[in-house]
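[1] dropping the sequence and predicted coords here.
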There are 2 protein chains.
Amino acid sequence: MKKDEFDLQEFLPYLLNQAAEECSLSFQRHYKSRYGMLRSEWRVLFHLGIYGRMTAGEIGKTAKIHKTKISRAVQKLAERRFLIRTRDDADRRLEHLELTAAGRAAYDDLRAVARDCDAALVAQFDPQDAAGLKRMLARLAGRGA
Amino acid sequence: MKKDEFDLQEFLPYLLNQAAEECSLSFQRHYKSRYGMLRSEWRVLFHLGIYGRMTAGEIGKTAKIHKTKISRAVQKLAERRFLIRTRDDADRRLEHLELTAAGRAAYDDLRAVARDCDAALVAQFDPQDAAGLKRMLARLAGRGA
DNA sequence: GCGTAATAGTTGTTTTTGTAACTAACAAGC
DNA sequence: GCTTGTTAGTTACAAAAACAACTATTACGC
């Protein structure tokens, strides 16, 4: 295998994908095995856990998840009684979503796992480097300068 | 929207995914619109372009792509006459893959695009920071210390 | 008010992916 | 050489994602 011309390992989109995939694994194992959740499901759960009552649209905009994914994630979470949906009286198109006690328990549980995963990943670097990494990633993700 | 308890924006797997998705877009537009390719397809193309003759297994191991994805990517690339497959005489399970002239032309084209995309992304940071970012990503991806 | 456009969310259909089972070829033990 | 195990790659089926079309409701122009 000769090596030539272009270094894939230096191509940022590729690097990001490889790193993202690898780093997702540890957390994925937990939300998958404990709750049978999908990525979009834990994300919705976390948004409601963190921000409280939100509509599907708000979650979609914040998390950049497509509305069909949200719709199906909400459906599943509602079936499992992790959240309740209530129509807005003023604008009856809107549906407010809120975690139930069971939903909050799942969130609390997974939040702790997420903290551990993050800590384990970050521990590979100097605190300063890790902070820089996150800052740069946030910027690449399109948030903040 | 109150903010509380856990900062999703600081959760590395989440950040990585958001950044990866965002950064993939610019390149994706090109390989999708010009060649109708999928992610696994351009990756196989690039591996053959960079390393020359390889087997499906070698590509899979290097790029961490599952063998079924590779199998399908190779099939599509072969249909479009971007690569040719030849059986190994010594071990007839193995199939050597190699780009055709058309395949190399596509690779050359996309390689230039990739360079531009990478340059545009990297330009947001100090060269030193960018180098540090790539080093850390490579490590998170599981390559190198 | 009425017709048109926009928004929130859902549903249906098609692609793409993931998992597991499969074929074919080689390798090793005996 | 014949079973058993392993490896390369494909195929079949199930799960998930992407995309487009849809319903219901609100907003706007006039």
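    Yep, it's here.
[2] which residue packs closest to the residue positioned nearest the centre of chain A, ignoring adjacent ones?
    The residue lying closest to the centre of chain A (Cα atoms, centre = their mean) is A:Arg43, at 3.9 Å. In this structure, A:Arg43 finds its nearest non-sequential neighbour in A:Ala63, 5.4 Å apart by Cβ to Cβ, 6 or more residues apart in numbering or on different chains. (Glycine included, C-beta is placed from N, CA and C.)
[3] checking A:Cys117 next. Helix, strand or coil?
    Taking DSSP: H, G, I helix; E, B strand; the rest coil as the rule, one finds A:Cys117 in the helix state.
[4] go on, the one 3 residues further on?
    Going by three-state DSSP, the secondary structure assigned to A:Ala120 is helix.
[5] what's around A:Leu48, how many residues?
    Neighbour count of A:Leu48, defined by other Cβ atoms under 10 Å in any protein chain shown: 23.
[6] mind listing what it touches?
    A:Met54, A:Ile59, A:Leu83, A:Leu97, A:Glu98, A:Leu99, A:Gly103, A:Tyr107 (Cβ atoms under 8 Å, 6 or more residues apart in numbering or on different chains).
[7] restrict those residues to those near chain B?
    A:Met54 (Cβ under 8 Å from any Cβ of the partner chain).
[8] which of the contacts of A:Leu48 count as buried?
    Taking 16 or more other Cβ atoms under 10 Å in any protein chain shown as the criterion, what is buried in the contacts of A:Leu48 is A:Met54, A:Ile59, A:Leu83, A:Leu97, A:Leu99, A:Gly103, A:Tyr107.
[9] return the member of those residues nearest to B:Ile50.
    A:Ile59 (40.3 Å; Cβ to Cβ).
[10] how about the helix or strand encompassing the closest one and DNA strand D, touching?
    A:Ile59 is located in helix A:56-63, with elements delineated by DSSP states H and E. No: Helix A:56-63 stays out of contact with DNA strand D when judged by Cβ under 7 Å from any atom of the strand, the minimum separation being 11.7 Å.
[11] after that helix, next one along is what?
    Later in the chain than helix A:56-63, the nearest helix or strand by DSSP H and E is helix A:67-79.
[12] ok, that following helix near chain B or not?
    No: for helix A:67-79, no contact with chain B is found by Cβ under 8 Å from any Cβ; the gap never falls below 12.8 Å.
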